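Undergrad: Curious how this folds, go ahead:
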Amino acid sequence: MIVVARFSFPHEAHIAKASLEAAGIESCIADEHTINTQWLYSNAIGGVRLMVAEQDLEQAENILSTDFSDVLCAEQSVTSQDHCPKCDSVKIEPFTKGKRSAFLVFILLGFPLFFYKHGYRCKECGHFCENAK
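TA: Below is the predicted model of the structure:
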């Protein structure tokens, strides 16, 4: 086994290991429990090591260095965008209706009354809806 990558935290190594396993490359994680026990030792011992067989090293390095963000952007553009049901604009944002009045009631009465709603607000017409379509 040979080290293909080093990580500061075990969860980062597990994400990389999952990527390699999806490509059919066997791998193992070393020093995971040491870092979990005392995470301050991470830099001192070289972090958590992700190890693969020597014959899989080049393929593993290619997989770990590949940036898949363009694929994600392409998938998002293919899916239907949410839009305002009133004006059909796609310029909507997450919004909490009634948050200010709920805060004022809490300040004045000393206990919270939760009468606010989470939803979306259109940036074009200002329409609020609980579910964008």
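Undergrad: Check which residues of whichever strand or helix holds Ala60 are buried.
TA: Counting by DSSP states H and E, the element that carries Ala60 is helix 57-65. Residues of helix 57-65 classed as buried: 57, 60, 63-64 (neighbour count, 16 or more other Cβ atoms under 10 Å). For every residue, glycine as well, the C-beta is placed using N, CA and C.
Undergrad: which stretches of the chain form helices?
TA: Per DSSP state H, the chain carries helices over the ranges 10-22, 32-37, 42-45, 57-65, 69-78, 99-109.
Undergrad: Would you identify the least confidently predicted of these, using mean pLDDT?
TA: When these are ranked by mean pLDDT, helix 69-78 comes last with a mean of 59.
Undergrad: about what we covered before: closest to Ser42 among the buried residues of helix 57-65?
TA: Nearest to Ser42 among the buried residues of helix 57-65, counting by Cβ to Cβ, is Leu64 at 18.8 Å.
Undergrad: Surely the closest one and Val4 touch.
TA: Yes: at 6.7 Å, Leu64 counts as touching Val4 under the criterion of Cβ atoms under 8 Å.
Undergrad: anything in contact with each of the two?
TA: Leu20 (Cβ atoms under 8 Å, 6 or more residues apart in numbering).
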